[in-house]
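Asks: need a 3D model of the sequence below.
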Amino acid sequence: MFVLHKMATSPSSSLCSFSLFLSKPSSLPLLKPPLLSLHSPPLKRFISTASELQHDTQARRTLLGSPYTKTSPLLSLSTAAIATESATVSHNDTAENEETEKLVLPTNDSSEKLLRIRHTCAHVMAMAVQKLYPEAKVTIGPWIENGFYYDFDMDPLTDKDLKRIKKEMDRIIGRNLPLAREDVSRDEAQRRIMAVNEPYKMEILESIKEDPITIYHIGDEWWDLCAGPHVESTGNINRKAVELESVAGAYWRGDEKKPMLQRIYGTAWENEDQLKAYLHFKEEAKRRDHRRLGQDLDLFSIQEEAGGGLVFWHPKGAVIRHIIEDSWKKTHIEHGYDLLYTPHVAKADLWKISGHLDFYRENMFDQMKIEDEQYQLRPMNCPYHILVYKRKLNSYRDFPIRVAELGTVYRYELSGSLHGLFRVRGFTQDDAHIFCLEDQIKDEIRGVLDLTEEILLQFGFRRYEVNLSTRPEKSVGDDDIWEKATSALRDALDDKGWSFQIDEGGGAFYGPKIDLKIEDALGRKWQCSTIQVDFNLPQRFDVTYVDSNTEKKRPIMIHRAVLGSLERFFGVLIEHYAGDFPLWLSPVQVRILPVTDTQLEYCKEVISKLKGNGIRAEVCQGERLPKLIRNAEKQKIPLMAVVGPKEAETQTVTIRSRFSGEVGTIEIDDFISRIKSAIERRTSL
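Replies: The predicted model follows:
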């Protein structure tokens, strides 16, 4: 079976090669897309799949002791129909049990019909483009999680061009042209490609290792190197359930040194209702976009003067980060972790020992020379924690040893792949490592699961998808230790009572792992928590302990992250809450609104009392009260305290809550007491 190379920025999916006119059909086998499990969120919402932000980083994801993904999100939406089949853990509360009206959208995995429609739509779109723009050269066009795309070597396209292309697609669909497969020899395929002068297709053909070459035709007018599957004819596509969404630039093969192509994204569904639901979801996702909200709410920025992918936390965003960090540290100390702070740079030799310079160099920044020695910005925290462990000789009686750090790391990313807080060049991981004995693995993993649940529940994440990844073909470590470690992970999950999926052969080369994806308010899933057993780094760094027989043995090392990275997790929080942070997490909890300037003195007294009780408050003035209220609403302030002559005279405030409406006029001390109680209970006022 031939598998086309994936573009570096493309979502995981099967790829078609590109297409040609006036030739006979051919087809190439394609990789089946990875299993996507989708979950419908609670309450009255439309659900769909969304993977526009997902990047093809699987090959770079788990290397050399780092269990952490790149900073892009791993998104997938899940439907209630598939929930029992996926490994989703749900902690239901009253609100979640009040689920009503849901439109469950199919996925490429749940509907063969949908996959065929999307695959064929990619071909139809390419045919339409070449009819309208004969000079366009075609490359590859896969189905993706929510539709399809195709890359073309041609002049830049506009939204007006997309409308023309969609009209031509409608005509092709309306003609009900058959799709037919043809097997040809390699020489015949080469002859046909040369006849139509398609250089990208020739490059694709050269990478195919198996014969015969397969081609798919649309009628007798257009063909594409492809493996299928497709619908029987274009008439099987509902033209009203197809929409072209956008056009973007994409390098051929994801290589910035190769030509920039025009990538057209489209979405396709089985019927109009599904398309409407998907578009509704897109609008809601757009409303929640953390990049827009981050600017509107003054939370963070990426300053191009400083460089792309480097995050500036503004005062309000920094307050939220402070709350997250404080909660994280407190919880870890309670769970028996020791906190660390380690340098941002180290001698390059350290990364030679760890193996990063050999296997991870493309993701690392260039080295810097300091007094004739080469230093390296750290891409991981793991080697540092090992050095702390090795500062003294440890005994079996010392185990387990748990160390944790909010450690900032730096990874090189192409500018075209940077995306808000989700794909950056510098980010802080909530890193932790556990050194333990073999018979302690299960208990330590269970402890990590409990810790993970406790932290995620603080932020309102109650639904998870859990995957257990087992030994890949290429790995280090003996069979016995792999079996013990994998069994320990499985037993810990069983002991926790969490359902999970087995990803056979999906573990890192250095050990098995557990991955946990959290589900947000829109049902999207984000890769966050990871637990990995590592047999590689302890060996590379010669990590040992003294056992009961005074012999040196090698301990088990467990990598572990709960939030993944603070930057990415903050982006997820912004979109999960749509910027409407709960009272306990909001950067400004109370805004005091004086009716006139004559109440300012009293407002200052109120502010002083609030701040003295640890409540984040501010006064806003200079506008008429209705505008002050509108501004507070736009800034999503949880509580507004209106102060007029009557309130100043009676030493009260009139309260309005964003979450529960009018609260009424109450005394200051009562107001403070209610706020503190709500913060402690993580509820609204």
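
Asks: what sits against residue 586?
Replies: Residues near residue 586 by C-beta atoms under 8 Å, 6 or more residues apart in numbering: 616, 636, 637, 638. All C-beta spots, glycine's among them, are computed from the backbone N, C-alpha and C.

Asks: 6 Å - rerun?
Replies: Listed by C-beta atoms under 6 Å, 6 or more residues apart in numbering, the contact set of residue 586 reads residue 638.

Asks: all further residue positions should be reported with the first residue as 330.
Replies: In the new count, where the first residue is 330, that last one comes out as residue 915.

Asks: phi and psi next, for it.
Replies: phi -60, psi 140 (degrees, to the nearest 10).

Asks: repeat that for residue 927.
Replies: phi -70, psi -20.

Asks: cool, residue 584 as well?
Replies: Dihedral angles (degrees, to the nearest 10) for residue 584: phi -100, psi 120.

Asks: residue 688 versus that one, what's the distance?
Replies: Per C-beta to C-beta, to the nearest Å, residue 584 is found 20 Å from residue 688.

Asks: what residues go with each domain of the protein?
Replies: Here the domain parsing of the chain from the TED database is 437-613, 633-906, 919-1010.

Asks: ok now the shortest one, how far from the chain's centre?
Replies: Centroid displacement of domain 919-1010 relative to its chain, using C-alpha atoms, centre = their mean, to the nearest Å, is 37 Å.

Asks: mind checking the end-to-end distance for it?
Replies: 17 Å (C-alpha to C-alpha, to the nearest Å).

Asks: average pLDDT for stretch 625-642?
Replies: Per-residue pLDDT over stretch 625-642 has a mean of 95.

Asks: neighbouring contacts of it?
Replies: Outside stretch 625-642, the residues that touch it by C-beta under 6 Å, 6+ apart are 623, 643, 645-646, 650, 742, 744, 747, 753-755, 896, 908.

Asks: now, those residues that are in helices?
Replies: Using DSSP state H, the subset of these located in helices is 623, 645, 646, 650, 896.

Asks: give me the neighbour count for the first one.
Replies: Applying other C-beta atoms under 10 Å, we find 23 residues neighbouring residue 623.

Asks: kindly reformat the domains of the chain as JSON lines containing distance to residue 912 and mean neighbour count.
Replies: Below are those laid out as JSON lines (distance: least, C-beta to C-beta, whole Å; neighbours: other C-beta atoms under 10 Å):
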{"stretch": "domain 437-613", "distance to residue 912": "23", "mean neighbour count": "19"}
{"stretch": "domain 633-906", "distance to residue 912": "11", "mean neighbour count": "19"}
{"stretch": "domain 919-1010", "distance to residue 912": "5", "mean neighbour count": "17"}
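
Asks: dump those to TSV, plus distance to residue 619.
Replies: Listed next are these as TSV, based on distance: least, C-beta to C-beta, whole Å:
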stretch	distance to residue 619
domain 437-613	14
domain 633-906	4
domain 919-1010	13
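
Asks: least confident pick among the contacts of stretch 625-642?
Replies: Lowest pLDDT among the contacts of stretch 625-642: residue 744, 85.

Asks: name the nearest residue to residue 813, ignoring sequence neighbours.
Replies: Closest residue in space to residue 813, ignoring its immediate chain neighbours: residue 767 at 5.8 Å, by C-beta to C-beta, 6 or more residues apart in numbering.

Asks: over to residue 493?
Replies: residue 461 (6.0 Å).

Asks: what's the separation between the one you found and residue 991?
Replies: Look at residue 461 and residue 991: by C-beta to C-beta, they are 58 Å apart.

Asks: what lies in contact with stretch 972-980?
Replies: Here stretch 972-980 makes contact (C-beta under 6 Å, 6+ apart) with 923, 924, 928, 931, 932, 982.

Asks: same deal with stretch 683-697?
Replies: Stretch 683-697 has contacts (C-beta under 6 Å, 6+ apart) with 392-393, 677, 680, 703-706, 708, 712, 739-741.

Asks: and the end-to-end length of it?
Replies: End to end - C-alpha to C-alpha - stretch 683-697 spans 18 Å.

Asks: for the record, mean pLDDT for it?
Replies: Average pLDDT, stretch 683-697: 89.

Asks: swap in stretch 562-571?
Replies: Across stretch 562-571, pLDDT averages out at 97.

Asks: dump it to PDB, keeping only the CA atoms.
Replies: C-alpha atoms of stretch 562-571 as PDB (Å, rounded to 0.1, in the frame of the first residue of the first chain):
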ATOM      1  CA  SER A 562     -21.200   9.500  -8.900                       C
ATOM      2  CA  THR A 563     -21.100  13.200  -8.200                       C
ATOM      3  CA  GLY A 564     -24.900  13.200  -7.900                       C
ATOM      4  CA  ASN A 565     -24.600  11.400  -4.600                       C
ATOM      5  CA  ILE A 566     -23.300  14.600  -3.100                       C
ATOM      6  CA  ASN A 567     -25.800  17.100  -1.700                       C
ATOM      7  CA  ARG A 568     -24.600  20.400  -3.100                       C
ATOM      8  CA  LYS A 569     -26.400  22.300  -0.400                       C
ATOM      9  CA  ALA A 570     -24.400  20.500   2.200                       C
ATOM     10  CA  VAL A 571     -21.100  21.600   0.800                       C
END
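
Asks: how far does that stretch sit from the chain's center?
Replies: With C-alpha atoms, centre = their mean, you get 31 Å for stretch 562-571.

Asks: quick one, helices of the stretch 780-929 of the chain?
Replies: Counting by DSSP state H, counting those that start in this stretch, the stretch 780-929 of the chain has helices at residues 808-825, 866-869, 895-906, 929-941.

Asks: columns distance to residue 1009 on top of the ones you listed, output as a markdown table?
Replies: Below are the helices of the stretch 780-929 of the chain laid out as a markdown table (distance: least, C-beta to C-beta, whole Å):
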| stretch | distance to residue 1009 |
| --- | --- |
| helix 808-825 | 27 |
| helix 866-869 | 41 |
| helix 895-906 | 19 |
| helix 929-941 | 16 |
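
Asks: to residue 566, which of the ones you listed lies closest?
Replies: Evaluated over the helices of the stretch 780-929 of the chain, closeness to residue 566 peaks at helix 895-906, with 32.2 Å, by C-beta to C-beta.

Asks: that closest one packs against which elements?
Replies: Applying 3 or more C-beta pairs under 6 Å, 6 or more residues apart in numbering; DSSP states H and E, one finds that helix 895-906 contacts helix 619-625.

Asks: strand partners of the helix or strand following the helix it packs on, parallel vs antiparallel please.
Replies: Later in the chain than helix 619-625, the nearest helix or strand by DSSP states H and E is strand 629-631. Applying DSSP bridges, strand 629-631 is found paired with strand 640-642 (antiparallel).

Asks: show me where pLDDT drops low in the stretch 380-529 of the chain?
Replies: The stretch 380-529 of the chain contains residues with pLDDT under 70 at 380-431.

Asks: you'd agree residue 509 is in a helix?
Replies: No. Counting by DSSP: H, G, I helix; E, B strand; the rest coil, residue 509 is not found in a helix; it is strand.

Asks: that one contacts residue 547, correct?
Replies: No. Using C-beta atoms under 6 Å, residue 509 makes no contact with residue 547, being 8.6 Å away.

Asks: roughly how far does residue 780 sit from residue 845?
Replies: Note on residue 780: its distance to residue 845, by C-beta to C-beta, is 12 Å.

Asks: so what's residue 648 closest to, chain neighbours aside?
Replies: Using C-beta to C-beta, 6+ apart and skipping the chain neighbours, the partner closest in space to residue 648 is residue 916 (4.2 Å).

Asks: touching, the one you found and residue 645? I think so.
Replies: Yes. Contact status for residue 916 versus residue 645: in contact at 3.7 Å, counting by C-beta under 6 Å.

Asks: quick one: the strands in the stretch 480-629 of the chain?
Replies: Using DSSP state E, counting those that start in this stretch, the strands of the stretch 480-629 of the chain run over 508-513, 542-547, 551-554, 571-580, 589-597, 629-631.
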